[in-house]
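Student: Would you be able to build a 3D model of this:
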Amino acid sequence: GPTFARIGYLETVEAAMNHPHYKSKLEGKNRGRGVASGFWFNGSNQSSVYGKVNANGTVNLVEGSVDIGGSRASAAIMLAETLGITAEEVNPEIVDTDSIGMTGGTGGSSVTHKLGHAVFQLGHKLLENMSNQLATIWDVDAGSVKYENGSFSANGESASFKEAAALINKSGSPISEGLSVRPGGAGPAFATHIVDVEVDEETGKVTVLRYTAVQDCGRAIHPSYVEGQIQGGVVQGIGWALNEEYFYNDQGRLMNASLLDYRMPTALDLPMIDPVILEIPNPGHPYGVRGVGEVPIVPPAAALENAIYNAIGVRMYKLPMSPGNVVAAMQAQE
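Tutor: All right, here's what the predicted structure looks like:
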């Protein structure tokens, strides 16, 4: 596999150890604290994008990655960064593969990674297109047109991005580019979680009191979306660790096939998840992006097991660590 040029695991551990949660004193009977770290590898496959600069200086961005975690907004932010305009001036649109080149599936924490490569190259192609057309309008050599700080300039001529868009569109020439990329490399990410629990020795119920999730996100393109993905992943991890389980009868029929019977955690079961974003840029990506969505589900089970052991001195060796399994583990140790 690819070599990890730079990872932020050590930074997540240091940040967790310096966090007020880790330093705080945990008091009360049958309460415990657990810490665990996790890693996940993000894949990368083909991504296709198309961009068009309008006469008013806005940019239409068309891409093929289905948005399930905020990637549309992230794509707009990354393209705007390349073009030197605001994210509000980019209009992202998702289309199917009848309207754009091949785009790999949305999954594997890959979308922002592969889409970032695509929009970075798209942005530079659009700027090159505009520079060449301005060179014709200004009657200068194309190589003399420079784009810096949101403005094109050459031999005493200058125009902002918006002015250049109007000037070029007035000449009747379109400003549009499209491309498909299959970037290599990877954006592996690490996380360290801290959790406090209280265990009811009679029923075996584990109550989560406090949860902090520290994660190296490479570069958080849209921080609030990243925080939401971390919180959602933690909740999934807690459900997997404490409650979620399939039950089959003697005939092999699934007995809890609906969400009425499958015990997923709700907001009533959990405290606010405190996400801590660390940014150790991925050197193999133009925007420093790493995969985010899958890492948060990795540490919760181990962190919760450590917390249960710290609370009641019993090790759990199977999931879920449901009330019945906790009681059984306590009885086995007696």
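
Student: Would you mind giving the secondary structure of residue 224?
Tutor: For residue 224, the assignment made with DSSP: H, G, I helix; E, B strand; the rest coil gives helix.

Student: go on, residue 4?
Tutor: Classification of residue 4 by three-state DSSP places it in coil.

Student: Tell me the confidence at the closest residue to it other than its chain neighbours?
Tutor: Spatial nearest neighbour of residue 4, excluding adjacent residues (C-beta to C-beta, 6 or more residues apart in numbering): residue 188 at 5.6 Å. Every residue, glycine included, has its C-beta placed from N, CA and C. Per-residue pLDDT puts residue 188 at 83.

Student: surely residue 188 meets residue 290?
Tutor: Yes: using C-beta atoms under 8 Å, residue 188 is in contact with residue 290, at 6.8 Å.

Student: Looking at those two, which is more packed in?
Tutor: Neighbours were tallied for residue 188 and for residue 290 using other C-beta atoms under 10 Å; the higher tally belongs to residue 290 (30 against 24).

Student: Hmm, residue 175 is touching residue 130, no?
Tutor: Yes: the pair residue 175 and residue 130 qualifies as a contact (C-beta under 8 Å) at a distance of 5.9 Å.

Student: what's the residue most central in space within the chain in contact with, if anything?
Tutor: For the chain, the residue whose C-alpha lies nearest the mean C-alpha position (C-alpha atoms, centre = their mean) is residue 292; its distance is 3.2 Å. By C-beta atoms under 8 Å, 6 or more residues apart in numbering, the contact set of residue 292 is 69, 109, 112, 189, 215, 217, 220, 226, 229, 230.

Student: Relative to residue 139, how far out is the residue nearest to residue 4?
Tutor: Using C-beta to C-beta, to the nearest Å, we find residue 188 at a distance of 50 Å from residue 139.

Student: Residue 89 too?
Tutor: Distance, residue 89 to residue 139, using C-beta to C-beta: 29 Å.

Student: Same drill for those two, tell me which one is more crowded.
Tutor: residue 89 (18 against 9).

Student: How about the more buried one: what's its closest non-neighbour residue?
Tutor: The nearest residue in space to residue 89 (C-beta to C-beta, 6+ apart) is residue 58, at 4.9 Å.

Student: returning to that earlier point: same list (the contacts of residue 292) but as TSV, adding secondary structure.
Tutor: Listed next are the contacts of residue 292 as TSV, based on three-state DSSP:
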residue	secondary structure
69	coil
109	coil
112	helix
189	strand
215	strand
217	coil
220	coil
226	helix
229	helix
230	helix
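
Student: Selecting buried members of those residues in ChimeraX, what would you type?
Tutor: A single ChimeraX command selects the buried members of these (16 or more other C-beta atoms under 10 Å):
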select :69,109,112,189,215,217,220,226,229,230
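
Student: Can you convert the contacts of residue 292 into CSV and add a column each for distance to residue 30?
Tutor: As requested, those are exported to CSV (distance: C-beta to C-beta, whole Å):
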residue, distance to residue 30
69, 37
109, 37
112, 42
189, 34
215, 29
217, 35
220, 37
226, 34
229, 32
230, 28
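
Student: got the contact list for the residue nearest to residue 4?
Tutor: The contact partners of residue 188, taken as C-beta under 8 Å, 6+ apart, are 4, 7, 39, 40, 41, 42, 290, 291.

Student: and the gap between it and residue 217?
Tutor: Residue 188 is 12 Å from residue 217, by C-beta to C-beta.

Student: I figured residue 41 hits residue 186, correct?
Tutor: Yes: when contacts are counted by C-beta under 8 Å, residue 41 is listed as touching residue 186 (6.1 Å).

Student: Which one of those two is surrounded by more residues?
Tutor: A count of neighbours by other C-beta under 10 Å puts residue 186 above the other of residue 41 and residue 186, at 23 against 16.

Student: quick one: that one and residue 40 touch, right?
Tutor: No: look at residue 186 against residue 40 with C-beta under 8 Å: they stay out of range, at 10.5 Å.

Student: And residue 25, what's its pLDDT?
Tutor: According to the prediction, residue 25 has pLDDT 96.

Student: swap that for residue 111, sorry
Tutor: With respect to pLDDT, residue 111 has a value of 81.

Student: Verify the stated contact: it with residue 71.
Tutor: Yes: contact criterion C-beta under 8 Å: residue 111 and residue 71 qualify, at 4.4 Å.

Student: any shared contact partners between the two?
Tutor: The contact lists of residue 111 and residue 71 share residue 65, where a contact means C-beta under 8 Å, 6+ apart.

Student: more crowded one of those two?
Tutor: When neighbours are counted by other C-beta under 10 Å, residue 111 and residue 71 differ, and residue 111 comes out ahead with 32 against 25.

Student: measure the more buried one to residue 196 for me?
Tutor: Relative to residue 196, and taking C-beta to C-beta, residue 111 is found at 33 Å.

Student: re earlier: residues bridging contact with residue 175 and residue 130, i.e. touching both?
Tutor: Residues touching both residue 175 and residue 130 by C-beta under 8 Å, 6+ apart: 53, 165, 168.

Student: Closest one to residue 323 out of these, please.
Tutor: Of all the shared contacts of residue 175 and residue 130, residue 323 sits closest to residue 53, with 59.8 Å by C-beta to C-beta.
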